[in-house]
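Engineer: this is the structure alone, sequence omitted:
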């Protein structure tokens, strides 16, 4: 089989093979070849041990106990003494080269008690999670291809090589059939590492694959084992699911298998909560679709979209004298607190926890054409300049998840007015005077009064940005001094 590989990949293979070791391409790159997708995820497995790999790649790094050595693309260039090349940040790949492994007994559904080096690539592939990830490529014409890299800097970026496909578990067939199939006995795979269950759902969402029946049955049987996994690891997989185009299907699997009740049990309460009005779906389905259709690729914004109506079950009340209509008064206030708790449980950073809180708390914003410019500025200040695009994306997802159009004339007009106000002073530090001016003109020492004076001045500036003129503000300070 012939495939194209970046010249840095071929150089890595040649370096290992020329030293007498085996070198196999594994992981996402192999999968992407069969899916005919571009890839930058090039990983290798070899019978060379970590210290031997590092001897071949002096600028590599080895900071784990799993036999994985990292080699940056730029260091391959340096090693081959090629001219210095500036790489875009997105192109600065890191290749992972891992020693063949055979893992010992798992006791906690998280990690093996011991990691031992394996002897063959088949032994290494046997320990992997899913058959599509248990395929390897061995470059068979690396000697002949070596001549293409004699002048590395001028060699083609992509080089065609011949590879032997090593596929002991019919992973290629699974890829062709668009199925997620566990390697060997799925029960054993999930008992070894319970996170593999969530990885399976994530792969299904990303690749639009179905999960093999036996694998799905085992996943459902062992769903409770996800409790043995740290929320940091769960978070990383879960957030990747949220930025796919198949959130609805993935969340349905998480629900039916019982995984979701260990991750975000609060979402289960939204099932069957009718909304009526302009909504086509219950809160559960609306939330899934709002997340999936949210135009942002930021997983934190997607999570906010998923959780924006999380408090509707506890705030639902029938409207009097109505035909089955409901109110959800203050659901955004209570929901913001619940969303914040969930974000903390998922071990998000303090900044991302606060973003989730803000987006859920203020997602019910309204706009009327008669709003004053200062009201628009208050909205920007309340949301935060850095969160404006995010809350607009959440609103669009919310609308689409309700069965409405992506936007409306009101929303577009509000965006225009926000854009017009973004350069106006939003914080005290944006004023044309500062604390030094206050102390000098009022002849006062450092202390709380300086902050109060600045706040008073800022309120005037905020209501009328034209007053943010240094000479005018200095005159206001002089007036304050005369009144003292």
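Structural biologist: The structure has been received and is ready for your questions. The structure presented is a predicted model; accordingly, all values stated were derived computationally and were not measured. Residues are numbered from 1 along each chain as shown.
Engineer: how many residues are close by residue 128?
Structural biologist: If you count neighbours by other C-beta atoms under 10 Å, residue 128 ends up with 23. C-beta: built from backbone N, CA, C; applies to glycine.
Engineer: for it, which non-adjacent residue is closest in space?
Structural biologist: residue 134 (4.4 Å; C-beta to C-beta, 6 or more residues apart in numbering).
Engineer: pretty sure the one you found contacts residue 125?
Structural biologist: Yes: counting by C-beta atoms under 8 Å, residue 134 touches residue 125, with 4.3 Å between them.
Engineer: which element, helix or strand, includes residue 206?
Structural biologist: Using DSSP states H and E, residue 206 sits in helix 195-207.
Engineer: can you tell me which helices and strands whichever helix or strand comes after that helix packs against?
Structural biologist: Counting by DSSP H and E, the element after helix 195-207 in chain order, helix or strand, is strand 210-211. With contacts taken as 3 or more C-beta pairs under 8 Å, 6 or more residues apart in numbering; DSSP states H and E, strand 210-211 sits against strand 179-180, helix 195-207.
Engineer: ok, back up a step: output the contacting helices and strands for the helix holding residue 206.
Structural biologist: Here helix 195-207 touches strand 179-180, helix 186-192, strand 210-211, helix 213-221, helix 231-242, helix 247-257, going by 3+ C-beta pairs under 8 Å, 6+ apart.
Engineer: for those, which one sits closest to residue 377?
Structural biologist: Of all the helices and strands packed on helix 195-207, helix 231-242 sits nearest to residue 377, with 31.9 Å by C-beta to C-beta.
Engineer: check which residues of the closest one are buried.
Structural biologist: For helix 231-242, a neighbour-count test (16 or more other C-beta atoms under 10 Å) marks 233-242 as buried.
Engineer: could the residues you listed go into JSON lines alongside distance to residue 172 and pLDDT?
Structural biologist: Below are the buried residues of helix 231-242 laid out as JSON lines (distance: C-beta to C-beta, whole Å; pLDDT from 0 to 100):
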{"residue": "233", "distance to residue 172": "29", "pLDDT": "96"}
{"residue": "234", "distance to residue 172": "30", "pLDDT": "97"}
{"residue": "235", "distance to residue 172": "32", "pLDDT": "97"}
{"residue": "236", "distance to residue 172": "28", "pLDDT": "97"}
{"residue": "237", "distance to residue 172": "25", "pLDDT": "97"}
{"residue": "238", "distance to residue 172": "29", "pLDDT": "98"}
{"residue": "239", "distance to residue 172": "30", "pLDDT": "98"}
{"residue": "240", "distance to residue 172": "24", "pLDDT": "97"}
{"residue": "241", "distance to residue 172": "25", "pLDDT": "98"}
{"residue": "242", "distance to residue 172": "29", "pLDDT": "98"}
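Engineer: about what we covered before: so what sits against both of residue 134 and residue 125?
Structural biologist: 168-169, 183 (C-beta atoms under 8 Å, 6 or more residues apart in numbering).
Engineer: now list the buried members of the residues you listed.
Structural biologist: Applying 16+ other C-beta under 10 Å to the shared contacts of residue 134 and residue 125 flags 169, 183 as buried.
Engineer: from the shared contacts of residue 134 and residue 125, pick the one nearest residue 454.
Structural biologist: For those, the residue nearest residue 454 by C-beta to C-beta is residue 183; the value is 64.3 Å.
Engineer: what sits against that closest one?
Structural biologist: 125-131, 134, 169, 189.
Engineer: mind jotting down where the helices sit in the stretch 251-400 of the chain?
Structural biologist: Under the criterion DSSP state H, counting those that start in this stretch, the stretch 251-400 of the chain contains helices at 283-293, 299-307, 312-315, 331-345, 350-361, 373-383, 388-401.
Engineer: which of these sits most buried?
Structural biologist: When those are scored by mean count of other C-beta atoms under 10 Å, the highest mean neighbour count falls to helix 299-307 (a mean of 26).
Engineer: what is it packed up against?
Structural biologist: Using 3+ C-beta pairs under 8 Å, 6+ apart: helix 299-307 touches helix 231-242, helix 283-293, helix 331-345, helix 350-361, helix 388-401.
Engineer: so it versus helix 247-257, what angle?
Structural biologist: Compare the direction of helix 299-307 with that of helix 247-257 by axes from the mean of the first three to the mean of the last three C-alpha atoms, to 10 degrees and you get 60 degrees.
Engineer: could you tell me the angle between helix 299-307 and helix 231-242?
Structural biologist: For helix 299-307 against helix 231-242, the angle between stretch directions is 80 degrees (the same axes, to 10 degrees).
Engineer: show me the helices in the stretch 51-200 of the chain, by range?
Structural biologist: So, for the stretch 51-200 of the chain - with DSSP H, counting those that start in this stretch - the helices run 73-79, 121-126, 142-145, 171-176, 186-192, 195-207.
Engineer: geometric centre of the chain: which residue is closest?
Structural biologist: Most central in the chain under C-alpha atoms, centre = their mean is residue 299, positioned 4.3 Å from the mean C-alpha point.
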